[in-house]
Structure formats: structure tokens, C-alpha cells
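Asker: got a predicted structure here, sequence first:
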Amino acid sequence: MVSREQSERLAARAPAARHPSPPLGLEGLAINVAAAMHSLRQNVLRSALTILGVVIGAASVITLVALASGAQREVTSQIDGLGANVAIIVPGKMPGEPNYNPVAGGAVSTLTEDDARQLQSLDGVLGVAPLIFVLGAIQHGGKAPPISLPIATTASYLVVRHLKVETGRFFTDSEQDSPVCAIGVAIRDALFPGENPVGQTLTVGGQEYRVVGVVSQRSVSSSILGGKELDAIVYLPLRFARREKASTIVHRIFVEVDSRRPVAPMLERLKSTLIANHGGQDDFSVLTSKELLGMFHKMFRIFAALLIGITSISLIVGGIGIMNIMLVSVTERTREIGIRKTVGARRRDIFVQFLTEAVTLSVLGGLIGVVVAGLACWLTGLYSPLRPEITPLAILEGVGVCVAVGIIFGVLPASQAARKTPVDAMRYE
């Protein structure tokens with residue numbers, strides 16, 4: 001038999017216990033949240049360990065979304081630098097295009113210098129710059145840059161790619177047969193620290209070249225995609241770089257078209273000209289900044305979804321932990337449930353009380369996860385080339401998922417609590 005004094009003492013354990021049937025609306029929600037916080041304070045260590053899985057899951061999801069958003073922003077800014085009226089012609093077909101052959105990714109380029117000449121003759125084409133990648137180490141005075149990319153092209157590359165020269169000049173068409181080069185600022189800083197490199201020499205693949213100019217910085221040096229690499233280029237004259245090769249194959253062709261004309265018809269003219277020059281073979285792709293952005297955005301969405309799916313496992317583990325601890329809490333508070341039902345609480349009131357406690361646990365874990373994710377992103381941006389970008393949408397998504405986890409994994413304990421009868425609950429010892 002439970003005395004009146006014992007009943008009052010048990011009923012006073014939490015705010016909700018003093019309201020057998022809390023009112024609906026915000027007032028009822030406030031009462032249930034206060035009861036949930038009171039219950040969590042009863043065993044702080046257990047509550048902290050319970051939400052640990054949710055903290056890790058929420059922090060992981062938000063951090064990965066921030067990393068993907070930051071990388072996508074940087075790629076977008078780099079591709080936007082191409083200009084809407086610049087097309088890149090690459091050998092082979094890209095994924096999603098007709099005649100795409102995934103096995104032919106490493107095939108030899110079918111683009112030639114003759115293709116570049118044919119495109120240059122088209123009306124509306126402002127400039128064409130063929131490009132080949134050159135193999136060979138870059139050195140000066142026994143030093144080598146940490147990263148480098150030697151390419152061979154023509155003088156029109158300066159105009160088509162909108163490069164600016166910081167010191168000296170870019171090589172001219174009349175120097176196509178001369179051992180001269182222009183370098184990026186990263187090459188200058190690595191090989192000629194504190195010096196003017198113009199007039200000095202460096203070697204590429206054992207061949208000596210005289211530096212005639214330094215190309216201005218093209219990107220933020222801390223960028224992860226297209227950062228230092230864009231400033232670590234050595235520009236060589238196309239004909240001289242391949243003087244010992246009989247091949248006229250090129251790896252890329254940059255084409256700048258008149259921006260005052262519709263771009264789509266010009267691209268079709270480029271394609272039809274190349275197809276005719278290739279004997280009817282459609283074995284290349286014409287990419288613009290729009291297509292490149294579409295490809296990268298699709299890749300980022302797939303990559304982000306995959307990573308979020310993997311890290312969400314920790315949220316599920318955290319949800320299971322919440323469910324387990326709530327089942328324990330229901331068992332421990334059986335007498336409280338019986339007293340509340342005896343003084344007028346309905347099943348719905350008990351259900352809402354325990355469900356609110358589960359959601360409160362999950363939301364607290366989510367909010368702490370947001371703080372942890374912010375700290376992780378700050379440290380990542382401070383000590384790595386990555387630039388995470390935490391958006392309000394990412395925070396809302398993270399907290400929203402935590403609310404969903406609390407609801408999903410709190411239904412079973414809340415249902416068990418609501419199904420207990422007053423007689424059985426009062427008999428529980």
C-alpha cells in the first residue's frame with residue numbers, strides 16, 4: 001500500500017508529474033521538455049554516454065556536408081574562370097554522352113594540330129590554343145619544385161585563357177622553335193626565391209629553356225582543387241617541345257568564341273567541323289563551363305550522398321542507444337507512471353512525456369554535434385588546404401535528422417510506458 005506522503009513525493013520527481021494531463025500546445029510542450037531535462041539531470045553521466053553516438057553522427061554528417069560544399073564552391077570558382085565563351089575539346093566521350101566507352105578512358109588522343117587550324121578558320125572563333133602535356137622533371141640549380149606541370153602550347157593560350165603576365169612577357173608565335181618558356185609564380189618561388197627569373201634558365205626533361213616571363217597568380221594558394229597546381233605550370237612553345245616527334249597529336253584544344261554570338265550554334269559548328277575532319281568519327285567531347293559544372297556537381301552529389309549514408313550509421317547506433325536507455329528509464333519509473341495514471345494522466349500524456357525525453361536527448365546530441373562540427377571545420381581550414389563551408393541548411397538538416405532519430409527510436413519506449421496499467425505500475429517494486 002502506498003501512503004499519501006509517498007505518492008506526493010513520487011509525483012514531485014519531475015515537472016510533468018505535477019501535471020497529470022499537461023495542456024496542449026506550447027505550454028504542454030514546455031512542461032514535457034522541462035520534465036525531460038529534469039530526468040536527464042537525475043543521471044548526467046548516463047545521459048552523456050547515451051547521446052555520444054548522436055553527437056558523433058551529427059558532427060560527422062555536418063562536417064562532411066561542409067567539406068563537400070567547400071570543395072564544390074572552389075571547383076565552381078575555378079571553372080567559372082574559364083569563361084562562358086571558352087570551350088575545351090578533349091579526346092574521347094565523357095560519361096553520359098552518346099558513344100561513351102568507359103574502357104577507352106586511356107586511349108590515345110585523336111585530336112591534332114590540323115583540328116586546331118580548322119577551328120581557327122571558322123567565323124566567330126576568336127582564338128584557338130592546342131595543348132600537350134610534357135613529361136619530364138623541372139630543375140634549376142639542383143632544385144626541383146614540389147609540384148609542377150609542364151605544358152606546351154601556342155602564344156594564343158595567353159589570350160584564350162585570359163592569363164596576365166606579372167614579370168617579363170609570354171613567348172610569341174615567332175618563338176615556337178626557340179627554347180624559351182614562361183613560368184607560374186609557384187615555379188618562380190620554388191626555383192628562384194627572391195630573384196628575378198627572367199633571363200635565367202631551367203631544364204625540363206633535360207632540355208634547357210630560357211625564362212622570358214612569369215604568369216601572375218591564378219588561384220588562391222590554399223585551394224584544394226586547382227590552387228597551387230595552376231601556379232605551378234611551365235609554359236613551353238609547342239613546336240620546340242615536340243621537335244623530335246613526328247606526331248601532331250594534341251591532348252586538349254581551347255577555343256574562345258565570340259561572346260556576342262549565341263554559344264549553342266557555335267558549339268555545334270565546332271563539333272561538325274571536327275567530325276568532318278575526323279572522317280565522320282565522333283570521338284571527342286566539347287565541354288564548356290556549364291557542362292563541366294554539371295559533371296562536377298553530379299559527382300559531388302553522389303560522393304556526398306555516399307559519405308552521408310556511411311556516417312549516418314553512427315546516428316542509427318546513437319538512436320539505438322537512446323532507445324535502450326529509455327527502456328531502462330521506463331522500467332525504473334514504473335511507479336511514477338502508475339501514480340500519474342492514478343491521479344488522472346492519460347495514455348497519451350505518458351506517451352508524449354517519454355517521447356519528448358527521447359527527442360530531447362537526440363536534439364541535445366545534435367546541438368553538441370553542431371558545435372563539434374564547427375570546431376572540426378575550423379581546425380581543418382586552419383591546418384589543411386580544405387576549406388569547409390558550414391551552411392544554415394546543413395545545420396538544419398543535421399538537427400532535423402536528430403529529431404527524426406529521437407522520434408523513431410523513442411516510439412517503442414514511450415508506447416511501453418503508455419501501455420502500463422495503474423494497478424500493475426503501483427505493484428511494481
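Answerer: Done, it's in. For clarity, every value in this text was computed on a predicted model and none was experimentally measured.

Asker: spit out the contact partners of the spatially most central residue of the chain.
Answerer: Central residue of the chain (Cα atoms, centre = their mean): A68, 1.1 Å from the mean position. Residues in contact with A68, defined by Cβ atoms under 8 Å, 6 or more residues apart in numbering, are F300, F303, A304, L307. No exception for glycine: its C-beta is placed from N, CA and C like everyone else's.

Asker: distance of the first one from S69?
Answerer: If I follow you right, that is F300. F300 sits 9 Å away from S69, going by Cβ to Cβ, to the nearest Å.

Asker: who's more crowded, the two?
Answerer: S69 (19 against 16; other Cβ atoms under 10 Å).

Asker: so which of the contacts of A68 sit within helices?
Answerer: F300, F303, A304, L307 (DSSP state H).

Asker: and the last one, how many neighbours does it have?
Answerer: For L307, the tally of surrounding residues (other Cβ under 10 Å) stands at 17.

Asker: also the third one?
Answerer: Using other Cβ under 10 Å, the number of residues around A304 comes to 18.

Asker: ditto for the one 10 residues further on
Answerer: Applying other Cβ under 10 Å, we find 20 residues neighbouring S314.

Asker: that one is in what secondary structure piece?
Answerer: If you go by DSSP states H and E, S314 is part of helix 289-332.

Asker: likewise R335?
Answerer: Using DSSP H and E, R335 falls in helix 334-342.

Asker: for L364, give me its contacts.
Answerer: Taking Cβ under 8 Å, 6+ apart as the test, what L364 contacts is L40, I51.

Asker: that's a strand at it, yeah?
Answerer: No: counting by DSSP: H, G, I helix; E, B strand; the rest coil, one finds L364 to be helix, located in no strand.

Asker: what's the domain layout of this protein?
Answerer: 4-75+296-427, 102-285 (automatic domain parsing).

Asker: out of these, flag the one nearest I88.
Answerer: domain 102-285 (5.9 Å; Cβ to Cβ).

Asker: so for the closest one, what's the average pLDDT?
Answerer: Domain 102-285 shows an average pLDDT of 85 in the prediction.

Asker: just how off-centre is that domain within its chain?
Answerer: The chain centroid and the centroid of domain 102-285 are separated by 29 Å under Cα atoms, centre = their mean, to the nearest Å.

Asker: could you do stretch 348-361 as well?
Answerer: So, by Cα atoms, centre = their mean, the centroid of stretch 348-361 is 36 Å from its chain's centroid.

Asker: now stretch 307-318
Answerer: Relative to its parent chain, stretch 307-318 has a centroid offset of 18 Å by Cα atoms, centre = their mean.

Asker: buried stuff in that stretch?
Answerer: Within stretch 307-318, the residues that count as buried by 16 or more other Cβ atoms under 10 Å are L307, I308, T311, S312, S314, L315, G318.

Asker: stretch 190-198 too?
Answerer: Quick answer for stretch 190-198 (16+ other Cβ under 10 Å): A190, L191, F192, P197, V198.

Asker: now, which of those lie within helices?
Answerer: Using DSSP H, the buried residues of stretch 190-198 in helices are A190, L191.

Asker: can you redo the buried residues of stretch 190-198 as TSV with distance to R348?
Answerer: Converted to TSV, these look like this (distance: Cβ to Cβ, whole Å):
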residue	distance to R348
A190	71
L191	76
F192	78
P197	79
V198	82
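
Asker: with the buried residues of stretch 190-198 in mind, which one is nearest to C402?
Answerer: Looking across the buried residues of stretch 190-198 and measuring by Cβ to Cβ, the closest to C402 is A190, at 47.2 Å.

Asker: how about the helices of this structure, start to end?
Answerer: 4-11, 26-42, 44-80, 113-120, 157-160, 185-191, 228-231, 238-241, 263-277, 289-332, 334-342, 347-383, 392-419, 422-427.

Asker: between the longest one and helix 334-342, how many degrees?
Answerer: When axes from the mean of the first three to the mean of the last three Cα atoms, to 10 degrees is applied, the directions of helix 289-332 and helix 334-342 differ by 90 degrees.

Asker: angle of helix 289-332 against helix 392-419?
Answerer: 30 degrees.

Asker: so which elements touch helix 289-332?
Answerer: Counting contacts by 3 or more Cβ pairs under 8 Å, 6 or more residues apart in numbering; DSSP states H and E, helix 289-332 packs against helix 44-80, helix 347-383, helix 392-419.

Asker: any buried residues in the first one, and which?
Answerer: Within helix 44-80, the residues that qualify as buried by neighbour count (16+ other Cβ under 10 Å) are 47, 50-72, 74-76, 78-79.

Asker: can you check the second one too?
Answerer: Neighbour counts using 16+ other Cβ under 10 Å place 349-370, 372-374, 376-377, 380-381 of helix 347-383 among the buried residues.

Asker: also stretch 261-269?
Answerer: V263, M266, L267, R269.

Asker: cool, stretch 266-279 as well?
Answerer: M266, L267, R269, L270, K271, T273, L274, N277.

Asker: can you pull the contacts of the second one?
Answerer: Right, the one you point to is L267. Counted by Cβ under 8 Å, 6+ apart, L267 has contacts A87, V257, V286, T288.

Asker: and for the third one, the neighbour number?
Answerer: Read that as V286. Residues near V286, counting by other Cβ under 10 Å: 18.

Asker: tell me the contacts of it?
Answerer: When contacts are counted by Cβ under 8 Å, 6+ apart, V286 touches A87, I88, I89, L267, L270, K271, L274.

Asker: if I look at I368, how far off is F170?
Answerer: Distance, I368 to F170, using Cβ to Cβ: 55 Å.

Asker: apart from its chain neighbours, what residue comes closest to I89?
Answerer: Once flanking residues are discounted, I89 sits nearest to I253: 4.1 Å by Cβ to Cβ, 6 or more residues apart in numbering.

Asker: what bridges to the one you found?
Answerer: Bridge pairing for I253 (DSSP bridges) gives the partners I89, P130.
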